[in-house]
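Visitor: Here you go, sequence then predicted model.
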Amino acid sequence: MGTSSERDEDGDEASPDRRRYDSPVRRGRAAETRERILAAGSALVHGFPTWDWKGLTFRAVADGAGVSERTVYRHFATERDLHDAVMRRLEEDAGLSYDQLRLDDLPALVGSVLASLSSFEVWRGVTEDPPPPLFVTEDERRRAALLRAVTEAAPAHWSDEQRVKAAALVDVLWNLPTFERLIAGWKLDTDQASDAVTWAIGLLVEAVRGRPPATGRRPAAR
């Protein structure tokens, strides 16, 4: 007498001997499961007391999503893949897209990103340990996007050095330690600190579109 097959969280047959099949229903279930996994990962990161993501494990995410650890492995082959996907989710939640970044978008975008920091437990502090590879990669992506945005908008006569300096200044302003300093040192609240950073970046954007920032040096001969 036959019995019904047990299914896992993705709607697949639990037995490895049963051949899998593709269908709209199965794809929909898999997408829902992936969404639950990413939502659980995002929730974990928001509650971490530091920027160290060592606690973002397959087991922790599986528990938060209410699925098996095996199911998380099915969607993300390695822990780095899982961390990358959660990072992309956090960027989406903040309205951040490095691929589409343009200079004129910076004031509003930075304001949105800084405003989202208040939802993180760690928003007032950062670890002094060397950053993990995920954050090194993220920092490289951000710097490359900022330099590209400045280069696209800056006057043609600007030197590479001037473009790098302008992009670097935006990066320094759009950084957690700057936000922390405004709050801890100057006693601004989160909205005031976000407004201050957004305003300063807006001034930089206008400077890039107008004339290069004063450097204290005589302009190079053309």
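Guide: Everything's here; your move.
Visitor: ok, now how distant is W51 from L109?
Guide: Using CB to CB, to the nearest Å, we find W51 at a distance of 21 Å from L109. The way it works is simple: take the backbone N, C-alpha and C, and place the C-beta from them, glycine included.
Visitor: In terms of neighbours, single out the busier of those two.
Guide: L109 (20 against 17; other CB atoms under 10 Å).
Visitor: list the contacts for the more buried one?
Guide: 95-96, 101 (CB atoms under 8 Å, 6 or more residues apart in numbering).
Visitor: Quick one: end-to-end length of stretch 170-181, please.
Guide: From its first residue to its last, stretch 170-181 covers 16 Å (CA to CA, to the nearest Å).
Visitor: quick one: average confidence on the helix or strand harbouring E180?
Guide: Using DSSP states H and E, E180 sits in helix 176-184. Mean per-residue pLDDT for helix 176-184: 88.
Visitor: Quick check: L204 touching W174?
Guide: No - the pair L204 / W174 is not scored as a contact, 10.1 Å apart, by CB atoms under 8 Å.
Visitor: in this structure, which residue is closest to the centre?
Guide: For the chain, the residue nearest the mean C-alpha position is E91 (3.8 Å; CA atoms, centre = their mean).
Visitor: does it count as helix, strand or coil?
Guide: On the three-state scheme (DSSP: H, G, I helix; E, B strand; the rest coil), E91 is labelled helix.
Visitor: Quick check, pLDDT for the closest residue to it other than its chain neighbours.
Guide: Nearest non-adjacent residue to E91, counting by CB to CB, 6 or more residues apart in numbering: S97, 7.2 Å away. S97 is assigned a pLDDT of 82 by the prediction.
Visitor: Any chance of the backbone angles for S97?
Guide: phi -140, psi 110 (degrees, to the nearest 10).
Visitor: Just confirm it contacts D105, I think it does.
Guide: No - S97 lies out of contact with D105 (CB under 8 Å); the separation is 9.0 Å.
Visitor: who's more crowded, those two?
Guide: Each of S97 and D105 has its neighbours counted (other CB under 10 Å); D105 has more, 15 against 12.
Visitor: Distance of the more buried one relative to R148?
Guide: From D105 to R148 the distance is 12 Å (CB to CB).
Visitor: Now do the buried residues in stretch 85-100.
Guide: Judged by neighbour count using 16 or more other CB atoms under 10 Å, the buried positions of stretch 85-100 are 85-87, 89-91, 94, 96.
Visitor: any chance of the residues you listed in CSV, with distance to A39 too?
Guide: Below are those laid out as CSV (distance: CB to CB, whole Å):
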residue, distance to A39
A85, 11
V86, 10
M87, 14
R89, 8
L90, 11
E91, 15
A94, 15
L96, 18
